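>>> pasting the structure only:
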């Protein structure tokens, strides 16, 4: 079941940051169908530019990307006092990574591969928090 993201007043803008273009497009397509507006980018640098230019409801970010990581993006969001919930998407869910994510301000961590139900639930709960 896909949740509805749109209230009468507000569109939810989701930024998807992942160097895996096919996954980003798929997640974006699924969230678009659920009523979210999505934008994808492939690097932390691109994400910083987009986050500086617009207001966002949520960021979904991969952890492992070339040059900089999802942790670098989280630090930048915190350093710039942006109040945006962040969901970490990762295939690297070792106990050390789980512990490291728990020590951040990330709203949630979603392990790859994930089901659409888990994606929708995680996005909804992260925005509600």
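Arrived safely. Note that the structure is predicted; figures quoted are calculated from it, not measured.

>>> got any ranges where the chain has weak pLDDT?
1-10 (pLDDT under 70).

>>> show me where it has its helices.
21-33, 44-53, 70-79, 95-102, 116-128 (DSSP state H).

>>> most packed of those?
Among those, helix 70-79 has the highest mean neighbour count (mean count of other CB atoms under 10 Å), at a mean of 18. Where C-beta positions appear, they are placed from N, C-alpha and C, glycine not excepted.

>>> what angle sits between that one and helix 95-102?
20 degrees (axes from the mean of the first three to the mean of the last three CA atoms, to 10 degrees).

>>> residues making contact with helix 70-79?
With CB atoms under 8 Å, 6 or more residues apart in numbering as the test, helix 70-79 has contacts from 17, 44, 47-48, 51, 59, 61-64, 84, 86, 88-90, 100, 104-106.

>>> just put the helices of the chain in JSON lines and tack on distance to residue 110.
Formatted as JSON lines, the helices of the chain follow (distance: least, CB to CB, whole Å):
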{"stretch": "helix 21-33", "distance to residue 110": "10"}
{"stretch": "helix 44-53", "distance to residue 110": "17"}
{"stretch": "helix 70-79", "distance to residue 110": "12"}
{"stretch": "helix 95-102", "distance to residue 110": "10"}
{"stretch": "helix 116-128", "distance to residue 110": "5"}
